[in-house]
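S.K.: Next come a sequence and a model predicted from it.
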Amino acid sequence: MSASTFIDTNIFVYHLDATDVRKHDIAEAIVREALRTQDACISYQVVQECLNVVSTKARVPLSAEQAQAYLDAVLAPLLQIGASTELFHRALGIRSRWRFGFYDSLIVAAALAAGCTRLLSEDLQHGQQIEALTVVDPFRV
């Protein structure tokens, strides 16, 4: 299965945290549409980061049961890219060429490995083109 859009961790964090209503509403629409169409995906890294943030660093952390329910209902259906030596090699190449941090490079490498053309993230420069991938900040005003 391939997808056109890769969703970064921050989308899921805003989906679960309604403190910023505007960002929450945008994230809600993105996640709902991703699950409906299955035209979006995530990697193992997004799952790990999301579960870590919402279980330990969130303003109101999720319980283990709530985190498991979110994993099963939202994250697992979108999970397409696992860890691999090939992914790490590609991330290192992206890091070297684009001067991103390693974890941002892993996100970009995963999006490219999935064949995505859009990366939804507020962590990278909106509009930046990385090979066939365009970074889109869905929260940009």
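M.R.: The structure has been received and is ready for your questions. Numbers count the residues shown, from 1 in each chain.
S.K.: low pLDDT regions in the chain?
M.R.: Segments of the chain classed as low confidence (criterion: pLDDT under 70) are 1.
S.K.: Quick check: what element follows the lengthiest helix in the chain along the chain?
M.R.: Identified as the longest helix of the chain according to DSSP state H is helix 21-37. Using DSSP states H and E, the helix or strand that follows helix 21-37 in sequence is strand 40-43.
S.K.: Report all helices and strands that the helix or strand hosting Asp104 contacts.
M.R.: Counting by DSSP H and E, the element that carries Asp104 is helix 102-113. The elements that helix 102-113 packs onto, with contact taken as 3 or more Cβ pairs under 8 Å, 6 or more residues apart in numbering; DSSP states H and E, are strand 5-7, strand 40-43, helix 44-52, helix 85-98, strand 118-120, strand 133-136. All C-beta atoms are positioned from the backbone trio N, CA, C, and that covers glycine.
S.K.: Serialize the ones you listed to JSON lines and add fields for mean neighbour count and distance to His24.
M.R.: Below are the helices and strands packed on helix 102-113 laid out as JSON lines (neighbours: other Cβ atoms under 10 Å; distance: least, Cβ to Cβ, whole Å):
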{"stretch": "strand 5-7", "mean neighbour count": "26", "distance to His24": "15"}
{"stretch": "strand 40-43", "mean neighbour count": "26", "distance to His24": "18"}
{"stretch": "helix 44-52", "mean neighbour count": "19", "distance to His24": "15"}
{"stretch": "helix 85-98", "mean neighbour count": "14", "distance to His24": "30"}
{"stretch": "strand 118-120", "mean neighbour count": "21", "distance to His24": "15"}
{"stretch": "strand 133-136", "mean neighbour count": "18", "distance to His24": "18"}
